[in-house]
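Participant: sequence below, structure please.
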Amino acid sequence: HGADGAGAERPHPDAYFTSHFWWMGNGAEPMCNWTSWCTQNVLLTVFLLPTTQQQRQAAVKQAAYSLDCFLKDYGADGCCNEGAQYYRHAGLTLWGCLEILSSIVPEAFSPLFHEPKIKNIAEYICNVHVEGPYYLNFGDCSPLAGRCGAREYRFGQAVGSDALQALAAADFRADADPDHLQNPDGSTHINLWYRLTTAFAEEEMMTYSAAPRHHLTVWYPSVGVYAARQGSWVLGAKFGSNGDSHNHNDTGSITVYKDGRTFLIDIGVESYTKKTFSPQRYEIWTMQSAWHNLPTFDGVQQLPGAEYAAREVCTEENSITGELAGAYPPIPGLTTYRRSVSVSEQGITLRDETDYPGTVDLTLLTEQQPSPLRTALRWAHWAASALTRTPQRLLLRRCPSPTRACAPHGRKQSIRSPCISKKC
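Facilitator: Take a look at the predicted model:
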């Protein structure tokens, strides 16, 4: 820090020019949301403080390099492998960086908004939106990823996305706290630039007339994220690998919504602790595959790492199929475990097939407590049929809220099912 003439301290971004922080990028090293988020905030600092022209030129050069390092880890499809909640600190702060840089050197940076990859990054949040406040979630992400607002609206304008502008404007109008003053994530309301962006975009968003719309099917091969909707049903699936940033062992997992309400859920993550980002991360039950609508084979679960992945993935308009045995460690007797899931206006059909000769336990997590019937299970307004008479078991555990993790000793109901075939 340095002192101004009145004796008050003011910050200097000297460390940015004299030190290397991991999030600044270094060749092939993997980056995450820290890169664009920190770079955006450094650019705001450098160009709002009375810095020298030499410092400003150095900041632009370093920022451009850091953003290249950030973008290298995105596929051409623009999928955020950290999930919808982290989009706000990843793709959306990428917009922040490009917006600032475009105002400084427009001829160099403004054309980037016309790149297909940048538009795909922008529209990711639209494609994993379910309805209202809910998003298809995986990894550490919550299904309540936060309302869109002015930054998403401006990002949509910059890349020419009517869909993103419509979602952002509708969310802004529906948000009881559009300035995010009550948001527990303090970064959304302590940033004066965010507040000013909202103030200058408010009138446009209040009068924007287009309604949000969704693609019926979306497939992100770079991460293995699939979304499909038919009628009142929305299906989300993750057929990628266990090597994502903020990873959970969830390859092959599914989430299901009916009438905009949670049905089969991904419980997300507990509050971050020292253990969350330690070698003991996967001792935490919320990180484990048994708690992601996936089976165990005599208690054996999936392992973390990019090598533990889905293979032979095939997507169609309303369905996805893949071989998931490779997401588990070598298990004697297990050579294949194929999952297929499809959506229609009548519901969701999930089919698991395996040659494993031992005990297969499939755990499905629901928000509501199911009521067992003779050959079916019923959840309030929804019914599910389950075939019987094989050694495989279906375990049903109820979570009282999709936003609060449930304990491993939750209620469970066992029924017998061949290939664990479920129709909702």
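
Participant: where does the stretch 301-424 of the chain have low pLDDT?
Facilitator: Filtered on pLDDT under 70, the stretch 301-424 of the chain yields the residue ranges 375-376, 380-424.

Participant: just the strands in it please.
Facilitator: Secondary structure of the stretch 301-424 of the chain by DSSP state E, counting those that start in this stretch: the strands cover 305-309, 311-315, 319-323, 337-344, 347-354, 360-366, 371-372, 376-379, 382-386, 393-398, 414-416, 422-423.

Participant: so what touches the second one?
Facilitator: What that stands for is strand 311-315. By Cβ atoms under 8 Å, 6 or more residues apart in numbering, the residues outside strand 311-315 that reach it are 217, 219, 221, 224, 226, 239, 320-323, 326. To be clear about C-beta, it is placed using only N, CA and C from the backbone, and glycine gets the same treatment.

Participant: got those residues as CSV, with neighbour count and distance to Thr286 columns?
Facilitator: CSV is the format used below for the contacts of strand 311-315 (neighbours: other Cβ atoms under 10 Å; distance: Cβ to Cβ, whole Å):
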residue, neighbour count, distance to Thr286
Thr217, 19, 29
Trp219, 19, 26
Pro221, 15, 26
Gly224, 24, 20
Tyr226, 24, 22
Phe239, 30, 20
Ile320, 26, 24
Thr321, 18, 27
Gly322, 25, 23
Glu323, 19, 26
Gly326, 19, 23
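
Participant: would Ala166 count as being in a strand?
Facilitator: No. Counting by DSSP: H, G, I helix; E, B strand; the rest coil, Ala166 falls outside a strand, being helix.

Participant: and it, how close does it get to Tyr153?
Facilitator: 9 Å (Cβ to Cβ, to the nearest Å).

Participant: have a look at these two and say which one is more surrounded.
Facilitator: Counting neighbours by other Cβ atoms under 10 Å for Ala166 and for Tyr153 shows that Tyr153 has the greater number, 26 against 20.

Participant: gap between the more buried one and Phe200?
Facilitator: 11 Å.

Participant: wait, what's in contact with the nearest residue to Tyr282 once chain neighbours are set aside?
Facilitator: Sequence neighbours aside, Pro304 is the residue nearest to Tyr282 in space, at 5.7 Å (criterion: Cβ to Cβ, 6 or more residues apart in numbering). Pro304 makes contacts with 242-243, 247, 249, 281-282, as judged by Cβ under 8 Å, 6+ apart.

Participant: go through those residues and flag which are in strands.
Facilitator: Asn242 (DSSP state E).

Participant: just the buried residues of the contacts of Pro304.
Facilitator: 242, 247, 249, 282 (16 or more other Cβ atoms under 10 Å).

Participant: correct me if wrong: the third one contacts Gln301.
Facilitator: Translated: Asn249. Yes. Counting by Cβ atoms under 8 Å, a contact exists between Asn249 and Gln301, whose distance comes to 6.6 Å.

Participant: what's the overlap in contacts for the two?
Facilitator: 288-289.

Participant: buried residues, the host helix or strand of Phe155. List them.
Facilitator: Element membership for Phe155 (DSSP states H and E) is helix 150-159. For helix 150-159, the buried set under the neighbour-count rule, 16+ other Cβ under 10 Å, comprises 150-159.

Participant: helices or strands up against that helix?
Facilitator: Under the contact criterion of 3 or more Cβ pairs under 8 Å, 6 or more residues apart in numbering; DSSP states H and E, helix 150-159 touches helix 91-104, helix 116-127, helix 162-174, helix 192-207.

Participant: who's in contact with it?
Facilitator: 91-92, 95-96, 98-99, 113-114, 118-119, 122-123, 125, 161-169, 171-172, 194, 197-198, 200-202, 204-205, 208.

Participant: likewise for stretch 165-180?
Facilitator: 125-126, 129, 132, 146-150, 152-153, 156-157, 183, 188-189, 194-195, 198, 202, 204-206, 208, 210-213.

Participant: what's the weakest-modelled helix or strand in this structure?
Facilitator: strand 414-416 (a mean of 29; mean pLDDT, DSSP states H and E).

Participant: re the thing from before, in JSON lines, list the strands of the stretch 301-424 of the chain along with distance to Asp177.
Facilitator: Below are the strands of the stretch 301-424 of the chain laid out as JSON lines (distance: least, Cβ to Cβ, whole Å):
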{"stretch": "strand 305-309", "distance to Asp177": "38"}
{"stretch": "strand 311-315", "distance to Asp177": "37"}
{"stretch": "strand 319-323", "distance to Asp177": "36"}
{"stretch": "strand 337-344", "distance to Asp177": "33"}
{"stretch": "strand 347-354", "distance to Asp177": "33"}
{"stretch": "strand 360-366", "distance to Asp177": "29"}
{"stretch": "strand 371-372", "distance to Asp177": "37"}
{"stretch": "strand 376-379", "distance to Asp177": "31"}
{"stretch": "strand 382-386", "distance to Asp177": "32"}
{"stretch": "strand 393-398", "distance to Asp177": "30"}
{"stretch": "strand 414-416", "distance to Asp177": "43"}
{"stretch": "strand 422-423", "distance to Asp177": "38"}
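
Participant: what's the first helix or strand after the longest helix along the chain?
Facilitator: In the chain, with assignment by DSSP state H, the single longest helix is helix 53-72. Once the chain leaves helix 53-72, the next helix or strand it forms, by DSSP H and E, is helix 84-87.

Participant: dump that next one to PDB, keeping only the CA atoms.
Facilitator: Coordinates of each C-alpha in helix 84-87 appear next as PDB, following Å, rounded to 0.1, in the frame of the first residue of the first chain:
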ATOM      1  CA  ALA A  84     -23.800 -23.300 -13.600                       C
ATOM      2  CA  GLN A  85     -22.900 -21.700 -10.300                       C
ATOM      3  CA  TYR A  86     -19.300 -21.200 -11.300                       C
ATOM      4  CA  TYR A  87     -20.300 -19.700 -14.700                       C
END
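
Participant: and that helix, how far from the chain's centre?
Facilitator: Averaging C-alpha positions (Cα atoms, centre = their mean, to the nearest Å) puts helix 84-87 5 Å from its chain's average.

Participant: what residues sit buried inside stretch 17-32?
Facilitator: Quick answer for stretch 17-32 (16+ other Cβ under 10 Å): 23-25, 31-32.
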